[in-house]
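Chemist: return atomic coordinates for the entry below.
(2 chains, ligands or ions: 1)
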Amino acid sequence: MANKIRLATTSLAGCFGCHTSFLDIDERLLKLAEVVEFDRSPLTDIEHCNPCDIGLIEGGVCNSENIHTLREFRKHCKILVAVGACAINGGLPGYRNTIPLEECLGESYLDGIGVENPQIPSDPELPLLLNKVYPIHEVVKIDYSLPGCPPSADVFWKFLTDLIDGREPSLPYELVHYD
Amino acid sequence: MYEHLETAENREHLKRVVVDPVSRVEGHGKVTLLLDEDNNIRQARLHIVEFRGFERFIQGRPYWELPVIVQRLCGICPVSHHLAAAKAIDQLVGVDPENLPVSADKLRRLLHFGQVLQSHALHFFHLSSPDLLFGFESAINKRHIIAVLGEYPDIGMQGVKLRKYGQEVIRMISGKRIHGTGAVAGGMNKALTRAERDYLLEDIDQIIAWAEGSVALIKKVHCSNLPYYDDFATIRSHYLGLTRPDGALELYHGGLRAKNDNGEIIMDQVDYCKYNDYIHEEVRSWTYMKFPYLLSLGKDKGWYRVGPLARVNNCDYIDTPLAEAARREFKAHSGEALVHSTLAFHWARMIEALHCAESINSLLNDPDILGQDLIAQGEKRYEGIGVIEAPRGSLFHHYQVNENDIVTKANLIVSTTSNNMAMNESVRQVAAEYLSGRELTEPLLNNLEVAIRAYDPCLSCATHAVGKMPLQLELIDAEGKLVDKLIKHNDGEIERLDG
Ligand code: SF4
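Modeler: Purely as a prediction, here's the structure:
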């Protein structure tokens, strides 16, 4: 167990699709489990990132908690990977960057169809929203990026097996896509 | 029932405990508890802490982008958003559901059955099975799918393959497993080829058998600890969902039916385009997730549950034989009454997974599924509403466009939002019945998460944002001084640090 590669994953402002795509490695999950041990991840109940070999980050940075999580990952992961369009450039949630945040909130909580008791949620329990959604490389250093929305399961597989076998990861042309 | 625990009085004298995040759910939520000095719980809340603002930023986009954009709300049930948006934009091009070409309608249904099958399998096997197989308070280092694959390799692998099959159905129709393209305004963009159909037919008998096995498994788990499974996190509620005009279970298209907590039908076959006359959403200051309710019953009493339990409770029958037999057994278990047990969501979910597998088989064997006539057209309209039964319940998409086909208004009520009040009630039930007055430990806290997990919440849909944070517990007194701190370590050890 001790020699296994430790892998942590997290989702910031993403849709969970990159994680779902990772699970699309299907039966290969079992093979992966032979050489990899999962650390902090939405798939486990480990909530604090321990020293890890690889950290996969889905989603961009949209609030103060995301920054905190991202820094924790950078601190603990030898190799940090931006997974998918959202992590790489903000992705779809980044569409809100051209619109003032108050307008986005107002649309959902003040002027929406059928809204009762209109107000902007403001409790201290809610983390501070950032004015914009940021790509993760604007907050911490990133070692690799896996493009796609989401990257396919084969991309995850090729990338991870390259790393695990000690090769410099490279994706053949047919695996690289941006949709 | 437990509403009195939503907001405590004299909060300044209470200790705060936080569970952050709720793990093994999609998306990000946290639970906060306020306790008095005897550890009696005085307030319990599930907060949704992130926000993405889809309803605003899709304004200004051309309507035909909607199915492709909005599916990025959720990578677990993208097809549901894709299809709800497609149903809405069908109306923008003047095509009502009954005028959709037969083959397009069936292809969309097949796509949707694939989606519900994979999503239900993901939730049951990948996220919840550790609780169900190892116990709610089992060691933390066992609570994940890899441990299930290790100890119950057959069960774990069946889960992986059931999900894989659902994803393959989606890929054959939409080109990709996640965020593909298939539905367009008025129909579908590509026919299913004979080779694709035959590929999917190869494994379907095995898939049906495994889905049947999953129903047997959850029934066994449920019945082996009956009082607990019937009572844990259980609340009485109303139920809402689509059904067919004849009362059959329906996932793709039907009228809205609601039953009250006594099982009486309080509305039926309501045209979902009029949803705003029946359902409104209340905003509360402490969460980004709104609280939908039935207008006729009012803000306080009108909240309801959606999803597999609601659908199986609401329908009169299921039109596939194995799932119908499973439904009858499920109903017999409760003496034909409504099933309010929150953990019965899992059972209902697997009945639906079986229904999906059977329905996929029927559709693949239907000659219409290979049809080439896939697009209809009509007169342009300025408003479109699409509603679908997503894996987690009724999903509402509502759009308005201008003369240039640009979106000017959008309203989304995603499934998990409809379960907001119910999840909060279940959290409060567990807090009041299982945690209150006890010393807090990590396994006890997993109970709160088990309650939430039963709903299969997709918090990434509900908030249009996701993220996860460490689970640590802090008790802070009225002056803000830390009085107790629990940290959950990697190996499952719980450490108590003095404040
Ligand atoms: S890149 Fe695409 S699939 Fe991944 S989180 Fe973002 S929207 Fe979802």
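Chemist: just say helix, strand or coil for residue B:286.
Modeler: coil (DSSP: H, G, I helix; E, B strand; the rest coil).
Chemist: run a quick neighbour tally on it.
Modeler: By other CB atoms under 10 Å in any protein chain shown, 18 other residues sit near residue B:286. The way it works is simple: take the backbone N, C-alpha and C, and place the C-beta from them, glycine included.
Chemist: residue B:373: how many residues sit nearby?
Modeler: Using other CB under 10 Å, residue B:373 has 12 other residues around it.
Chemist: ok, it touching residue B:105?
Modeler: No - with contact defined as CB atoms under 8 Å, residue B:373 does not reach residue B:105; the gap is 11.0 Å.
Chemist: pLDDT weak spots in chain A?
Modeler: Applying pLDDT under 70 to chain A flags residues A:1-2.
Chemist: what sits against the residue nearest to the spatial centre of it?
Modeler: Among the residues of chain A, the one closest to the centroid is residue A:58, at 1.3 Å (CA atoms, centre = their mean). Residue A:58 makes contact with A:9-12, A:14, A:16-19, A:83-84, A:86-87, A:150, according to CB atoms under 8 Å, 6 or more residues apart in numbering or on different chains.
Chemist: one more pass at 7 Å, please.
Modeler: Residue A:58 is in contact with A:11, A:12, A:14, A:18, A:19, A:83, A:84, A:86, A:87, counting by CB atoms under 7 Å, 6 or more residues apart in numbering or on different chains.
Chemist: and it, what are its bridge partners?
Modeler: In this structure, residue A:58 bridges to residue A:11, residue A:83 when assessed by DSSP bridges.
Chemist: so where do the helices sit in chain A?
Modeler: A:17-23, A:28-35, A:64-76, A:84-89, A:101-109, A:153-164 (DSSP state H).
Chemist: what's around residue 73, how many residues?
Modeler: Assuming you mean chain A. 23.
Chemist: oops, wrong one, chain B.
Modeler: When counting by other CB under 10 Å, one arrives at 29 neighbours for residue B:73.
Chemist: check residue B:328 too.
Modeler: Using other CB under 10 Å, residue B:328 is surrounded by 13 other residues.
Chemist: out of the contacts of residue A:58, who's nearest residue B:69?
Modeler: Set against residue B:69, the nearest of those by CB to CB is residue A:86 (13.2 Å).
Chemist: right, and that closest one touches residue A:16 too?
Modeler: No - Residue A:86 lies out of contact with residue A:16 (CB atoms under 7 Å); the separation is 10.5 Å.
Chemist: these two: which has the busier surroundings?
Modeler: Higher neighbour count among residue A:86 and residue A:16: residue A:86, with 32 against 27, using other CB under 10 Å.
Chemist: helix/strand/coil for the spatially closest residue to residue B:248 that is not a sequence neighbour?
Modeler: Leaving aside its sequence neighbours, residue B:248 sits nearest to residue B:319 (CB to CB, 6 or more residues apart in numbering or on different chains; 5.1 Å). At residue B:319 the chain is in coil, as set by three-state DSSP.
Chemist: shouldn't residue B:319 be in contact with residue B:247?
Modeler: No - Residue B:319 sits out of contact with residue B:247 when judged by CB under 7 Å, with a separation of 10.5 Å.
Chemist: how near is the closest residue to chain A within the stretch 201-350 of chain B to residue B:23?
Modeler: Chain A sits closest to residue B:286 of the stretch 201-350 of chain B, with a gap of 3.8 Å, by CB to the nearest CB. Using CB to CB, to the nearest Å, one obtains 21 Å as the distance from residue B:286 to residue B:23.
Chemist: with residue B:58 instead?
Modeler: Distance, residue B:58 to residue B:23, using CB to CB: 30 Å.
Chemist: looking at those two now, which is surrounded by more residues?
Modeler: residue B:23 (27 against 21).
Chemist: is chain A within reach of the helix ranked longest in chain B?
Modeler: If you go by DSSP H, chain B has its longest helix at helix B:194-223. No - using CB under 7 Å from any CB of the partner chain, helix B:194-223 never reaches chain A; the gap is at least 12.7 Å.
Chemist: rewinding a little: tell me the contacts of the residue of the stretch 201-350 of chain B closest to chain A?
Modeler: Applying CB under 7 Å, 6+ apart to residue B:286 gives the contacts A:121, A:123, A:125, B:45, B:47.
Chemist: surely the last one meets residue B:30?
Modeler: Yes - using CB under 7 Å as the test, residue B:47 is close enough to residue B:30 to be in contact (5.4 Å).
Chemist: what about those two, which has more around it?
Modeler: Ranked by neighbour count (other CB under 10 Å), residue B:47 and residue B:30 place residue B:47 first, with 25 against 22.
Chemist: and the residue lying closest to residue B:1 once chain neighbours are set aside, how many residues sit next to it?
Modeler: Counting by CB to CB, 6+ apart, the nearest residue to residue B:1 once its immediate chain neighbours are dropped is residue B:235, at 5.8 Å. Other residues within reach of residue B:235, judged by other CB under 10 Å, total 20.
Chemist: does residue B:235 count as helix, strand or coil?
Modeler: Under three-state DSSP, residue B:235 comes out as coil.
Chemist: need phi/psi at it.
Modeler: Here is the backbone geometry of residue B:235 (degrees, to the nearest 10): phi -140, psi 150.
Chemist: from the ligand, how far off is it?
Modeler: Residue B:235 is 33 Å from the ligand, where distance means CB to the nearest ligand atom, to the nearest Å.
Chemist: pretty sure that residue contacts residue B:428?
Modeler: No - if you go by CB under 7 Å, residue B:235 and residue B:428 don't touch, sitting 8.7 Å apart.
Chemist: what touches both of the two?
Modeler: Counting by CB under 7 Å, 6+ apart, residue B:235 and residue B:428 have no shared contacts at all.
Chemist: ok, the residue nearest to residue A:134 when sequence neighbours are not counted - how many residues close by?
Modeler: Leaving aside its sequence neighbours, residue A:134 sits nearest to residue A:61 (CB to CB, 6+ apart; 4.4 Å). Residues lying near residue A:61 (other CB under 10 Å) number 28.
Chemist: got the contact list for residue A:61?
Modeler: Contacts of residue A:61 by CB under 7 Å, 6+ apart are A:12, A:13, A:67, A:70, A:130, A:133, A:134, A:136, A:139.
Chemist: and residue B:394, by the same measure?
Modeler: Residue B:394 makes contacts with B:240, B:241, B:242, B:306, B:387, B:415, B:418, as judged by CB under 7 Å, 6+ apart.
Chemist: skipping adjacent residues, who's closest to the third one in space?
Modeler: If I follow you right, that is residue B:242. residue B:254 is the one closest to residue B:242 (CB to CB, 6+ apart), at 3.8 Å.
Chemist: redo the helices of chain A as TSV? Include distance to residue B:282.
Modeler: What follows is the helices of chain A, written out as TSV (distance: least, CB to CB, whole Å):
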stretch	distance to residue B:282
helix A:17-23	30
helix A:28-35	41
helix A:64-76	25
helix A:84-89	30
helix A:101-109	10
helix A:153-164	41
